[in-house]
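>>> Provide a 3D model corresponding to the input given below.
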Amino acid sequence: MFRITDKIAFFILIVFYSSTLLIGYFFLKDVQRFHNNTEPEKKLHHVVLIQYKDAVPDEKMNEITDAAYALQQIPGVHQLHYGNNVSPEGLNRGYTHSLTMDFYRAVDRDSVYLPHPTHQAFVSLFVPFTASVLVYDYWD
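Reported below is the predicted structural model:
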């Protein structure tokens, strides 16, 4: 009937497939849990409204735009947008541009983004060309 080598081979196959199934089950369960929790339910929206001075050269505006988009490289910054006001309502009160971004945790904004050298360089670059800046943060 079965020789000892057949029994050993059969045992090895059972152990191999059983361990593969168990490892796969536990690994896939952890992968599912990771993918389901990548985005928290709430986001911290950071909104910056900018009123630039009247005579900002185009080259400087391009430099500011590039520096604004460089902020998305800072760890913790998600969904960064920078652009001109296009509202037809006329209620912008002189604010011509907005910079918006999302954070998943307040600590990412407070301890990572705000003191980050890329953010500090952006502030140093664009503030001299602004007439007014309004910052508004909220949880959604």
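>>> which element follows the helix or strand where Ile14 lies toward the C-terminus?
Applying DSSP states H and E as the criterion places Ile14 in helix 4-36. Downstream of helix 4-36, the first helix or strand assigned by DSSP H and E is strand 44-52.
>>> mind giving me the packing neighbours of that next one?
strand 97-103, strand 130-139 (3 or more C-beta pairs under 8 Å, 6 or more residues apart in numbering; DSSP states H and E). From N, CA and C alone the C-beta is placed, and that goes for glycine too.
>>> same question for the helix or strand following that strand, mean pLDDT?
For strand 44-52, the succeeding helix or strand toward the C-terminus, using DSSP H and E, is helix 58-70. Confidence over helix 58-70 (mean pLDDT, whole number) is 96.
>>> just give me how far helix 58-70 sits from the chain centre.
In terms of C-alpha atoms, centre = their mean, to the nearest Å, the gap separating the centre of helix 58-70 from the centre of its chain is 20 Å.
>>> check the residue nearest the centre of the chain and give its pLDDT.
Geometric centre of the chain, nearest residue: His78, 2.0 Å, by C-alpha atoms, centre = their mean. On pLDDT, His78 comes in at 92.
>>> how far away is the nearest residue to it once chain neighbours are set aside from Asp66?
Using C-beta to C-beta, 6 or more residues apart in numbering and skipping the chain neighbours, the partner closest in space to His78 is Asp102 (4.5 Å). For Asp102, the distance to Asp66 equals 21 Å [C-beta to C-beta, to the nearest Å].
>>> swap in Asp58?
Distance, Asp58 to Asp66, using C-beta to C-beta: 13 Å.
>>> rewinding a little: and the residue nearest to His78, bridged to which residues?
His45, His78 (DSSP bridges).
>>> could you measure from it over to Ile8?
Distance, Asp102 to Ile8, by C-beta to C-beta: 58 Å.
>>> tell me which of these two has more neighbours.
Shown here are Asp102 and Ile8; by other C-beta atoms under 10 Å, Asp102 has more neighbours (18 against 11).
>>> pretty sure that one is touching Lys43, no?
Yes. If you go by C-beta atoms under 8 Å, Asp102 and Lys43 touch, sitting 4.5 Å apart.
>>> now do the shared contacts for the two.
Counting by C-beta atoms under 8 Å, 6 or more residues apart in numbering, the contacts common to Asp102 and Lys43 are His78.
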